[in-house]
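Asks: Prediction below, plus the sequence it came from.
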Amino acid sequence: MTITLIGAGNVGYHLGKRLYKKGLTIHQVFSREIKHAEFLAKKVKGVAVTDLTNIDAQADLYIIAVRDDSISEVVAKLRQNKGMNRKLVVHTSGAANSQLIAPYFKRYGVFYPLQTFSKSRKVKFATIPICVDAGRKKDLKMLLKIGGKISEKVTKITDEERAVLHVAAVMVNNFSNHLFHLGQQITVEAGVDFGLLKPLILETVLKISQHTPYDMQTGPARRNDEKTIKKHLEYLQKFPEFVQLYTLLTKSIQHAYRR
Ligand SMILES: NC(=O)c1ccc[n+]([C@@H]2O[C@H](COP(=O)([O-])OP(=O)(O)OC[C@H]3O[C@@H](n4cnc5c(N)ncnc54)[C@H](OP(=O)(O)O)[C@@H]3O)[C@@H](O)[C@H]2O)c1
């Protein structure tokens, strides 16, 4: 099985390394910047490419890991290359529809690793859910097989299911991480050590491996402690942009526990 990677960013980097480690051959690695393409190509013993017209038809699978709003443009360009019409082309997006590829390639699909990736962070790939889908049964089988080589959890997920997962992923990952950032700003501004909050952050996440988030909710909003809420809102006058967010989240928690 030979794979060409289109995109050497956060996902291309981790996915490429894992596929290579598990014995799959990486043929070409595309990134617009030569240093990005070469950095990954060297690690996976592939050939670095910076021009999409130089992607050849020697691979069995083409994995597109570029930003969502560039997928269509990249797919359209790939289709113009000689011999590409019968190739299986997938993207790695949680939010983009698989139908973005369908107008150009009969053999299309999705290979979405449900995790947050940054080049600077190691990931435990074996535990990452790989959500796959394909227009054709044979291709789905192939994607499930490849997913199974790199992870213990590979599932067929439709476009509709993936869209739901992506909304939920933004809530649980992007939003909570942003709240950690705001918490850090509040402590730093007051000269208090943000590190003191880290065990709390970790326990918040660990708790939900054994309980529901609903059951684990604590805090002034959960207790309807209006006095403390008022005090917090007074303190947050220093950060006017946080007041609305604090109020909205407080109301959302209170609403969830209203009898
Ligand atoms: N990051 C995550 O946590 C995560 C998780 C799951 C799925 N995904 C999905 O995976 C895909 C890639 O995300 P990422 O985080 O790896 O992105 P990224 O780090 O920004 O990397 C994007 C790659 O695409 C290239 N690129 C960007 N715009 C392009 C264009 N117009 N034409 C051609 N190439 C272009 C970049 O090349 P240069 O840098 O050389 O310019 C880079 O190699 C997205 O669909 C994303 O939704 C991301």
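Replies: In hand now; what should we look at?
Asks: and the closest residue to the ligand within the stretch 1-150 of the chain, how many residues sit next to it?
Replies: Across the stretch 1-150 of the chain, no residue is closer to the ligand than G9, which sits at 1.8 Å (CB to the nearest ligand atom). Quick note: C-beta positions are derived from backbone N, CA and C, even for glycine. G9: 17 surrounding residues under other CB atoms under 10 Å.
Asks: do the one 5 residues further on as well
Replies: Using other CB under 10 Å, the number of residues around H14 comes to 23.
Asks: check contacts around it.
Replies: P113, F117, K119, V123, F125 (CB atoms under 8 Å, 6 or more residues apart in numbering).
Asks: mind giving me TSV with these and columns for pLDDT and distance to the ligand?
Replies: As requested, those are exported to TSV (pLDDT from 0 to 100; distance: CB to the nearest ligand atom, whole Å):
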residue	pLDDT	distance to the ligand
P113	98	6
F117	95	4
K119	93	7
V123	94	10
F125	95	12
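Asks: circling back to that earlier point, give me the phi and psi for the residue of the stretch 1-150 of the chain closest to the ligand.
Replies: phi -90, psi -150 (degrees, to the nearest 10).
Asks: From H36, how far off is it?
Replies: According to CB to CB, to the nearest Å, G9 stands 7 Å off from H36.
Asks: one step back: list phi and psi for the closest residue to the residue of the stretch 1-150 of the chain closest to the ligand other than its chain neighbours.
Replies: For G9, ignoring the flanking residues on the chain, the nearest one in space by CB to CB, 6 or more residues apart in numbering is A65 at 6.5 Å. Taking degrees, to the nearest 10, you get phi -120, psi 60 for the backbone angles of A65.
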